[in-house]
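Enquirer: Dropping a prediction and its sequence here:
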Amino acid sequence: MVLVGLLLLLLLLLPLLVGTRLLWGQWKLRSLHLPPLVPGFLHLLQPNLPVYLLGLTQKLGPIYRLRLGLQDVVVLNSKRTIEEALIRKWVDFAGRPQIPSYQLVSQHCQDISLGDYSLLWKAHKKLTRSALLLGVRSCTEPRVEQLTQEFCERMKARAGAPVAIQKEFSLLTCSIICYLTFGDKEDTLVHAFHDCVQDLMKTWDHWSIQILDMVPFLRFFPNPGLRRLKQAMENRDHIVEKQLRQHKESMVAGQWRDMTDYMLQGMGKQRVEEGPGQLLEGHVHMSVVDLFIGGTETTANTLSWAVAFLLHHPEIQRRLQEELDRELGPGASGSRVPYKDRARLPLLNATIAEVLRLRPVVPLALPHRATRASSIFGYDIPEGMVVIPNLQGAHLDETVWERPHEFRPDRFLDAGANPSALAFGCGARVCLGEPLARLELFVVLGQLLQAFTLLSPAGALPSLQPHPYCGVNLKIQPFQVRLQPRGGGGRAARERQ
């Protein structure tokens with residue numbers, strides 16, 4: 001009875017609280033030249049939010065404000081405005097807003113993706129980046145190729161049968177992260193982490209959590225979604241802590257088998273200049289979480305989008321296979337193009353670039369926060385203002401891209417004819433895993449098209465429209481594909497001659 005009374009009281013007071021907060025916010029900003037404000041505050045309920053936000057530019061221009069719950073945010077919808085803020089004035093906009101779900105998921109911001117900008121954050125990012133680019137540099141490409149080859153062999157065993165390819169890609173990318181992070185690709189560990197990531201992202205994206213970020217004081221009321229998120233985090237932390245404990249017990253000083261060894265041994269060597277604090281095991285813990293959250297579903301989604309577009313454009317698929325046959329030999333020959341020589345496969349690179357342009361990994365990036373008062377294209381941006389880069393909107397800008405909604409990989413074959421896309425963000429907050437993701441996309445898509453022809457089951461083409469309401473990632477709607485082996489070309493045929 002008491003709970004019902006509290007809820008009724010909240011409903012009565014909510015309009016007053018919202019109105020008071022908005023009026024106070026407007027009063028503080030009254031002397032500034034701010035971007036124009038979009039009426040209303042229920043914008044998050046719009047389907048296909050990035051495209052909706054781009055549509056608002058026709059009346060308001062590429063930069064404007066809108067209200068998300070109790071907070072004003074600035075939205076950037078063009079490449080020029082995004083680069084102005086995140087590259088030329090990156091120091092001003094390198095912060096992260098410290099909203100409730102971020103603080104909960106990231107262990108009070110010991111996290112690279114969600115943590116606020118600081119000298120300690122820079123040292124944390126440097127350690128994780130070094131582990132990815134230096135700690136496992138020599139084995140990354142061979143391991144990605146090995147796991148992709150094993151994936152293709154599993155798919156051959158299911159030749160001709162419809163395959164839910166997105167789940168298969170998700171397990172593949174999770175196994176790659178497991179191998180690089182822990183030196184282990186055992187099915188039990190891969191499935192444990194895969195299920196953990198799926199559960200965490202599904203719970204985090206639920207409206208009952210998203211509303212807490214819009215109206216923070218609601219966290220003091222009963223919320224089953226919040227309880228499920230905490231349970232998912234406990235499961236996540238249990239799995240990671242077990243791996244860290246095993247690594248500490250077995251690692252040899254001065255040697256590293258994987259990224260975890262590298263980070264555990266390197267955390268004490270990172271100097272945090274002119275700032276308090278030092279890197280601790282909790283930072284390594286959250287680096288592992290970042291690698292799995294940022295490196296599994298994002299890459300799997302992009303690979304799934306690539307397959308879906310190629311099913312709709314069989315002529316591009318045919319040209320890709322001709323290019324692969326020309327460079328690697330006909331059919332599934334087992335030959336390879338080293339990633340450093342990827343220029344030998346220009347159409348494959350262009351296809352990946354076009355998929356990333358049309359379906360960027362995280363279409364609205366993650367929100368930035370102004371670390372100090374600044375400006376963007378003549379508009380004042382006060383300290384603390386949240387800034388959202390609409391990456392997908394920038395990729396669909398008709399003033400920059402010719403026929404932007406069409407899938408046309410050839411646009412990237414003419415060097416300099418098109419600007420580079422912003423699929424992984426830019427500036428200080430550019431995606432840490434971009435080099436690994438690009439390697440995976442190149443290797444997996446190349447080996448898949450070398451070994452198989454992609455066909456739609458019973459001619460049923462997948463939808464190219466994303467889930468209308470999604471969270472951080474631009475999710476593809478579930479679909480199936482038939483993988484038809486390309487037959488007896490290549491090495492086997494030559495050996496029989």
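Expert: Everything's here; your move. Numbers count the residues shown, from 1 in each chain.
Enquirer: what's the spacing between the residue lying closest to residue 408 once chain neighbours are set aside and residue 413?
Expert: Nearest non-adjacent residue to residue 408, counting by Cβ to Cβ, 6 or more residues apart in numbering: residue 354, 6.6 Å away. The way it works is simple: take the backbone N, C-alpha and C, and place the C-beta from them, glycine included. Separation of residue 354 from residue 413 (Cβ to Cβ, to the nearest Å): 10 Å.
Enquirer: more neighbours, the two?
Expert: residue 354 (23 against 14; other Cβ atoms under 10 Å).
Enquirer: Contact partners for that one?
Expert: 309, 407-409, 411-412 (Cβ atoms under 8 Å, 6 or more residues apart in numbering).
Enquirer: sorry, back to before: what pLDDT is listed against the residue nearest to residue 408?
Expert: At residue 354, the pLDDT value in this model is 97.
Enquirer: My guess is residue 425 contacts residue 431. True?
Expert: Yes. If you go by Cβ atoms under 8 Å, residue 425 and residue 431 touch, sitting 5.6 Å apart.
Enquirer: between the two, what contacts are shared?
Expert: residue 362.
Enquirer: ok, back up a step: of the contacts of residue 354, which is the most crowded?
Expert: That'd be residue 409 among those, by other Cβ under 10 Å, with 23 neighbours.
Enquirer: That residue: what's it in contact with?
Expert: Neighbours of residue 409 in contact, by Cβ under 8 Å, 6+ apart: 316, 347, 350-351, 353-354.
Enquirer: For it, give me phi and psi.
Expert: Backbone torsions for residue 409, taken as degrees, to the nearest 10, come to phi -60, psi -30.
Enquirer: Let's see the pLDDT reported for it.
Expert: So residue 409 comes in at 96 (pLDDT).
Enquirer: Spatially, what comes nearest to residue 78 if we skip its sequence neighbours?
Expert: Residue 78's closest residue in space is residue 62 (Cβ to Cβ, 6+ apart), at 3.8 Å.
Enquirer: try residue 208
Expert: Nearest to residue 208 is residue 225, by Cβ to Cβ, 6+ apart, at 3.0 Å.
Enquirer: Distance from the helix or strand harbouring the one you found to the middle of the chain?
Expert: Assigning secondary structure by DSSP states H and E places residue 225 in helix 224-250. Here helix 224-250 is found 21 Å from its chain centre; the criterion is Cα atoms, centre = their mean, to the nearest Å.
Enquirer: Show me what counts as buried in it.
Expert: Within helix 224-250, the residues scored as buried using 16 or more other Cβ atoms under 10 Å are 225-226, 228-229, 232-233, 236, 239-240, 243-244, 247.
Enquirer: circling back to that earlier point, in what helix or strand does the residue nearest to residue 408 lie?
Expert: With DSSP H and E as criterion, residue 354 is part of helix 346-358.
Enquirer: List the buried residues of that helix.
Expert: Those buried within helix 346-358 under the rule 16+ other Cβ under 10 Å are 347-358.
Enquirer: got JSON lines for the residues you listed, with distance to residue 133 too?
Expert: Output for these, formatted as JSON lines (distance: Cβ to Cβ, whole Å):
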{"residue": "347", "distance to residue 133": "27"}
{"residue": "348", "distance to residue 133": "23"}
{"residue": "349", "distance to residue 133": "20"}
{"residue": "350", "distance to residue 133": "25"}
{"residue": "351", "distance to residue 133": "25"}
{"residue": "352", "distance to residue 133": "20"}
{"residue": "353", "distance to residue 133": "22"}
{"residue": "354", "distance to residue 133": "26"}
{"residue": "355", "distance to residue 133": "24"}
{"residue": "356", "distance to residue 133": "20"}
{"residue": "357", "distance to residue 133": "25"}
{"residue": "358", "distance to residue 133": "28"}
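Enquirer: Name the member of the residues you listed with the shortest distance to residue 480.
Expert: residue 355 (19.0 Å; Cβ to Cβ).
Enquirer: list the contacts for that closest one?
Expert: Applying Cβ under 8 Å, 6+ apart, the residues contacting residue 355 are 302, 305-306, 309.
Enquirer: quick one: which of those is most hemmed in?
Expert: Most surrounded of the contacts of residue 355: other Cβ under 10 Å gives residue 302, at 27 neighbours.
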